[in-house]
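>>> no sequence for this one, just the structure:
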């Protein structure tokens, strides 16, 4: 492998990665990233961004932003505010937090204007094509039925990854493809890269592992 | 003009085009269509589809379908049921009834499976591109700020129509472009066609007109 | 039992009760109602209301209405339109089609103004209290985990029914309580009435039965 | 006036009260609170809770929490996480961030379990009654058409405040009533208290004021 993959770790709302534990989890990511040279991005809960971003040097991404910007909005998560709290990017349209098509577009525009990197999550090849047309930095293909399953998409449905890579090439070659759902080992990462992805998006495989740091080290073992 | 345009009339939830008045409005559409040779599609409220479709020979479209199909769902509008009620197609993602990206994809798949024609509404060029990637029969570009304004998009923002036509050519040339928002006269229709659209989507320009039949005749006057 | 119960049959989006099959199912309801003297309400899919209401004399209810009324709305289900299509009432806030609190209130106001009877679905005692405060004709308590389970709420969780009946008495004694989720036999109906409900809301127990008419007759056997 | 009112300041997503400016705004609140003895609660954007709560001694509330708790959820705002970030309470169901009825109930349960104080926003008397039935600490009645108008609800529609106070007394006397929408002066606060409210919820009247600290001092001038 001549290029190092990107690993994006979604902390979800798991108790194991909240508050001070979010800081500890992010420090594991930082340690493994430094040791392996692999870029690891931490995605803590939104109220945890500030303290996590203040404690580590790896990039911290928000799990979600809304379409709303600055103004007369209440409870919305704006690109500007997560950026100001220390985020370098954001997930958008995770399968657990899906957005209206027009709001994905608005959220992407806000993120770009503010300088946040963007990962739009998708659930099949057609939706990957549509997302690519909106020019995020990354799409992350995650068949919802495999999320949290422990069965890597690269094994269960390699065609959806290959198809997503092809679709993106056709619709918008500047967009890069991440592969999510069921990823938990270094072999899953290697398989994802062989299918054309540039990295992985994962959550429970690390956060729910008995030894999250060991799980992170396993992810980068082939690199 | 060598090809006749398509006119899609959204009845919205206006009192002027509900129940028996929906049947009368659809008969106006039928008369003008027969007289002019222009295809006119009537989009009554969903509970009115059955009686409208049973009263006219022009195509009747639903204003919306949900992503849900047959099964344990309550209150959802399925492709199968509107088809069975007599609809030949459906609007999807109208700016007043926006959908999640993944649900637009699911709704399109259901519609195709059942044999419904599909028009996905969009609000700007990027969203038009994304919608085109999902392969509906039509996209209808309607800048929300112009809906119901009486100011035709073809005058207020011709670039958004041209840009949508170009985007569709690039992303999916099988998709045809309709032009909506602010359309009310035959001149607006002509302008839309000159910009590359194959027809128009309109509502208040006809439904709220003092004489809806005359307004329909005006729409086709240049053809 | 000195008072006859109310039976509300939700057709959901089941293929077994769609289109012409919705008419047949409603005719079964009518036959059993006439034979037993028990009021049975049919809730077909929204596009089926017109043809079902035109074919039977029992009350037909919509499965859902939106908060939106007549006006510049697209794809919304208004109280006025379902009434005009023949509905005598409507479910609101079914657990498969939950609404914003403010929209339940708006939908109830529209329904009352138009003369539709209203059944607000709820999922626990607190939500029943809140719904009762909005003064619908009925609340239907349906713990979501029991819907479609075949385990009647009257057996699985009699306290939620008793508690709902008490809560309604306290907050708004004009509201009547229906009992839903898992109901499929006449014994379930009897148990519901003993707990203080005035009737039941059910779906799969009849619609998915091998012989729906026999299932309906069983529901009224103890009356 | 024998009892001091509660003042809740919603920072919304205004640029004037984001990031470091959120800390400054909260410090103004703290200064005025200390000086006047009036409790002032600051509601910054969710990513700002941690740094604001770490900088002031007045209570900090979240603008919103979701129904979701700890677990396999992405981008949701949980009671546990905002508590861990330093929040002492939360707004729920603000008119700009309305929730499903069942989700208001779930969010309240999560908030209570975690020890967060709760303010449920409502838009009319019926919705106030429903919200009171769910036993939050406070309801805040805010007719949406007056939000940001500068016309205080206490003048534009005193009956909605009186009616809300009566409704709460009837449905759940443990709940206290705040009065929102259009509040900007100490006279508005006095009028709200005379109508039976225990305090006010406001935003632009302070945040968008030329001199927010002076605006805060004006709010407490009659106390």
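Structure's in. What do you need? Computed from a predicted model, the values in this text were never measured in an experiment.

>>> is stretch A:5-12 in proximity to chain D?
Yes - using Cβ under 8 Å from any Cβ of the partner chain, a contact is recorded between stretch A:5-12 and chain D, made by A:10, A:12. The C-beta positions use only the backbone N, C-alpha and C, and glycine is treated the same way.

>>> the most far-flung residue of chain A relative to its centre in helix, strand or coil?
Seen from the C-alpha centroid of chain A, the residue lying at the greatest distance (Cα atoms, centre = their mean) is residue A:72, 29.2 Å away. Counting by DSSP: H, G, I helix; E, B strand; the rest coil, the backbone at residue A:72 sits in coil.

>>> if I look at it, how far off is chain B?
When Cβ to the nearest Cβ, to the nearest Å is the yardstick, residue A:72 and chain B sit 18 Å from each other.

>>> quick one, phi/psi of that residue?
The main-chain torsion angles of residue A:72 are listed as degrees, to the nearest 10 and equal phi -90, psi 70.

>>> hang on, isn't it packed against residue D:12?
Yes - applying Cβ atoms under 8 Å, one finds residue A:72 in contact with residue D:12, separated by 5.7 Å.

>>> identify the contacts common to these two.
Where contact means Cβ atoms under 8 Å, 6 or more residues apart in numbering or on different chains, the residues bridging residue A:72 and residue D:12 through contact with each are D:96, D:203-204.

>>> tell me the most packed of those residues, by neighbour count.
Ranked by neighbour count (other Cβ atoms under 10 Å in any protein chain shown), the shared contacts of residue A:72 and residue D:12 have residue D:203 at the top, with 27 neighbours.

>>> show me which residues of chain A sit near chain B.
Taking Cβ under 8 Å from any Cβ as the criterion, chain A approaches chain B at residues A:93, A:95, A:98-105, A:122-124, A:126-127, A:129-135, A:171.

>>> can we see that at 7 Å?
Proximity of chain A to chain B, by Cβ under 7 Å from any Cβ of the partner chain, involves residues A:93, A:98-102, A:104-105, A:123-124, A:126-127, A:129-130, A:133-134, A:171.

>>> go through those residues and flag which are in strands.
Where these are compared with strands, as defined by DSSP state E, there is no overlap at all.

>>> name the residues of the lowest-mean-pLDDT helix or strand in chain A that come out as buried.
Using mean pLDDT, DSSP states H and E, helix A:153-156 stands out as the lowest-scoring helix or strand of chain A, at a mean of 80. Within helix A:153-156, the residues that qualify as buried are A:153-154, counting by 16 or more other Cβ atoms under 10 Å in any protein chain shown.

>>> and that helix, how far from the chain's centre?
Its chain's C-alpha centre and that of helix A:153-156 lie 18 Å apart, by Cα atoms, centre = their mean, to the nearest Å.

>>> list the helices and strands it packs on?
With contacts defined as 3 or more Cβ pairs under 7 Å, 6 or more residues apart in numbering or on different chains; DSSP states H and E, the secondary structure elements packing on helix A:153-156 are helix A:158-171, strand A:176-180, helix A:186-194.

>>> want to throw the ones you listed into TSV with distance to residue A:150, mean pLDDT and mean neighbour count?
Compiled in TSV, the helices and strands packed on helix A:153-156 are given as follows (distance: least, Cβ to Cβ, whole Å; pLDDT from 0 to 100; neighbours: other Cβ atoms under 10 Å in any protein chain shown):
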stretch	distance to residue A:150	mean pLDDT	mean neighbour count
helix A:158-171	17	91	20
strand A:176-180	13	94	26
helix A:186-194	10	91	20
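
>>> any chance of the ones you listed in TSV with distance to residue C:198 as columns?
Output for those, formatted as TSV (distance: least, Cβ to Cβ, whole Å):
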stretch	distance to residue C:198
helix A:158-171	51
strand A:176-180	50
helix A:186-194	56
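
>>> got a markdown table for these, with distance to chain C too?
Conversion of the helices and strands packed on helix A:153-156 to a markdown table gives the following (distance: least, Cβ to the nearest Cβ, whole Å):
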| stretch | distance to chain C |
| --- | --- |
| helix A:158-171 | 27 |
| strand A:176-180 | 28 |
| helix A:186-194 | 34 |
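
>>> closest one to residue A:78 among the ones you listed?
With Cβ to Cβ as the criterion, residue A:78 lies closest to strand A:176-180 of those, at 23.9 Å.

>>> close to chain D, is that closest one?
No - counting by Cβ under 7 Å from any Cβ, chain D is not contacted by strand A:176-180; separation bottoms out at 10.9 Å.

>>> now do the contacts for the residue lying closest to residue A:110 once chain neighbours are set aside.
Spatial nearest neighbour of residue A:110, chain neighbours left out: residue A:79 (4.0 Å); criterion: Cβ to Cβ, 6 or more residues apart in numbering or on different chains. In this structure, residue A:79 makes contact with A:65, A:110-111, A:114, A:116, judged by Cβ atoms under 7 Å, 6 or more residues apart in numbering or on different chains.

>>> which parts of chain A are helices?
If DSSP state H is used as the criterion, the helices of chain A fall at A:20-36, A:49-53, A:79-84, A:101-114, A:125-133, A:153-156, A:158-171, A:186-194, A:204-207, A:212-219.

>>> lowest average pLDDT across the ones you listed?
The stretch with the lowest average pLDDT out of the helices of chain A is helix A:153-156, scoring a mean of 80.

>>> ok, residue A:31 to residue A:40 distance?
Shown here: residue A:31 relative to residue A:40, a distance of 9 Å by Cβ to Cβ, to the nearest Å.

>>> more neighbours: which of the two?
For residue A:31 against residue A:40, the residue with the higher neighbour count under other Cβ under 10 Å is residue A:40, and the figures read 26 against 16.

>>> list the beta-bridge partners for the more buried one.
The bridge-partner assignment for residue A:40, based on DSSP bridges, gives residue A:7.

>>> show me the contacts for the closest residue in space to residue A:80 that isn't next to it in sequence.
In this structure, residue A:80 finds its nearest non-sequential neighbour in residue A:114, 5.4 Å apart by Cβ to Cβ, 6+ apart. For residue A:114, the contacting residues are A:79-80, A:83, by Cβ under 7 Å, 6+ apart.

>>> related to what we said a few turns ago, redo the shared contacts of residue A:72 and residue D:12 as a markdown table? Include distance to chain A.
Putting the shared contacts of residue A:72 and residue D:12 into a markdown table (distance: Cβ to the nearest Cβ, whole Å) gives the following:
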| residue | distance to chain A |
| --- | --- |
| D:96 | 4 |
| D:203 | 8 |
| D:204 | 7 |
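
>>> state the distance from residue A:81 to residue A:110.
Between residue A:81 and residue A:110 the computed distance is 10 Å (Cβ to Cβ).

>>> more neighbours: these two, which one.
For residue A:81 against residue A:110, the residue with the higher neighbour count under other Cβ under 10 Å is residue A:81, and the figures read 28 against 22.

>>> what sits against the more buried one?
By Cβ under 7 Å, 6+ apart, residue A:81 lies in contact with D:13, D:18-19, D:45, D:47-48.

>>> closest one of these to chain B?
residue D:13 (20.7 Å; Cβ to the nearest Cβ).

>>> ok, how many other residues are close to the residue nearest to the closest one when sequence neighbours are not counted?
Leaving aside its chain neighbours, residue D:13 sits nearest to residue A:73 (4.4 Å; criterion: Cβ to Cβ, 6+ apart). By the criterion of other Cβ under 10 Å, residue A:73 has 20 neighbours.

>>> which residues sit in contact with residue A:73?
D:12-13, D:96 are the contacts of residue A:73 under Cβ under 7 Å, 6+ apart.

>>> from residue A:183, how far off is it?
When distances are taken as Cβ to Cβ, residue A:73 and residue A:183 turn out to be 35 Å apart.

>>> now do residue A:194
Between residue A:194 and residue A:183 the computed distance is 13 Å (Cβ to Cβ).

>>> one more: residue A:102?
With distances defined as Cβ to Cβ, the gap from residue A:102 to residue A:183 amounts to 30 Å.

>>> what comes up buried for stretch A:196-210?
Residues A:196-208 are the ones in stretch A:196-210 that count as buried (16+ other Cβ under 10 Å).

>>> tell me which parts of chain A are close to chain C?
Taking Cβ under 7 Å from any Cβ as the contact definition, chain A does not meet chain C anywhere.
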